[in-house]
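1. Provided below are the primary sequence and the corresponding predicted coordinates.
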Amino acid sequence: MAPAAGEAPLGGVRVLDLSRVLAGPFATMVLGDLGADVLKVERPATGDDTRRWGPPFFPAGDPRGDAAYFLAVNRNRRSLTLDLRDAEAAGLLLRLAGACDVVVENFLPRHLAGLGLDVVRDANPGTVWVSVRGAGTDGPAGDLPGYDVMVQARSGLMGITGHPDTGPTKVGVAVADVVTGLYAAVAALAGLVGRASIVEVSLLESAVSALVNQAANYLV
């Protein structure tokens, strides 16, 4: 899997992106920036939610274009649409997963199973499978959706942001999503060197880990 001379660090690595919005696409953006060949699977008709998260749109002023939000983190990739409820599309997905080195997804566990993607995962032990979750699958919120603003509050990040007299304040950017995306990219890299084949990364755990220096204040 080592890149050829003059090739990008992840040259020749094939990544299947089944994620949407920010954390998962941010992870595959990092892998693509490092030279991986990223293929993104989107829903028919609408595609990734963030295609419509504008303005601004590109071309400028054209609401039929893609939002800058989408373009910012979905660079360096190809894209196709698949209706994963269709048997033929599911078969194609199985073949794509088997041909890729890494799969990144952020389905709820029940949706993953409902679409048969857990079968796809288990049928391809040689593929590094990175799952992005809201709060991990082994706790009371394991099968619930997770969003950046919720995680900023639950992790304690809002409690240390802003002024004391204003109350908890949301960070201006979706920092929990971005940090989770970075951890997911690191998890994929660990898998590529043979340390793991199935890895789960959650927004809540990633946000809490980013507060390590704050937590240390209570331990000394």
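-> That came in fine, so what should we check first? Remember, predicted model here, so these are calculated numbers, not experimental data.
2. Could I get the full set of helices for the chain?
-> Using DSSP state H, the helices of the chain run over 23-33, 68-73, 87-99, 109-114, 117-122, 148-155, 175-192, 203-209, 212-216.
3. Give the full set of residues in contact with the residue most central in space within the chain.
-> Residue closest to the mean C-alpha point of the chain, counted by Cα atoms, centre = their mean, is Gly24 at 1.0 Å. With contact taken as Cβ atoms under 8 Å, 6 or more residues apart in numbering, Gly24 is in contact with Asp17, Leu18, Val104, Glu105, Asn106, Val132, Gly181, Ala184. To be clear about C-beta, it is placed using only N, CA and C from the backbone, and glycine gets the same treatment.
4. and of those residues, the nearest to Pro145?
-> Asn106 (9.6 Å; Cβ to Cβ).
5. mind checking pLDDT for the closest one?
-> Per-residue confidence (pLDDT) for Asn106: 93.
6. that older thread, against Ala185, how distant is the residue nearest to the centre of the chain?
-> Shown here: Gly24 relative to Ala185, a distance of 10 Å by Cβ to Cβ, to the nearest Å.
7. Check Leu80 too.
-> From Leu80 over to Ala185 (counting by Cβ to Cβ), the distance is 22 Å.
8. The contacts of Gly24 in strands, which ones?
-> Of the positions in the contacts of Gly24, Asp17, Leu18, Val104, Glu105, Val132 sit in strands, assigned by DSSP state E.
9. so which of those comes closest to Arg75?
-> Closest to Arg75, out of all of the ones in strands among the contacts of Gly24 and judged by Cβ to Cβ, is Asp17, at 12.0 Å.
10. For burial, what's the neighbour tally of the closest one?
-> By other Cβ atoms under 10 Å, 29 other residues sit near Asp17.
11. re earlier: nearest residue to the residue nearest to the centre of the chain other than its sequence neighbours?
-> Asn106 (4.4 Å; Cβ to Cβ, 6 or more residues apart in numbering).
12. ok, now Pro44?
-> Nearest non-adjacent residue to Pro44 (Cβ to Cβ, 6+ apart): Thr81, at 4.6 Å.
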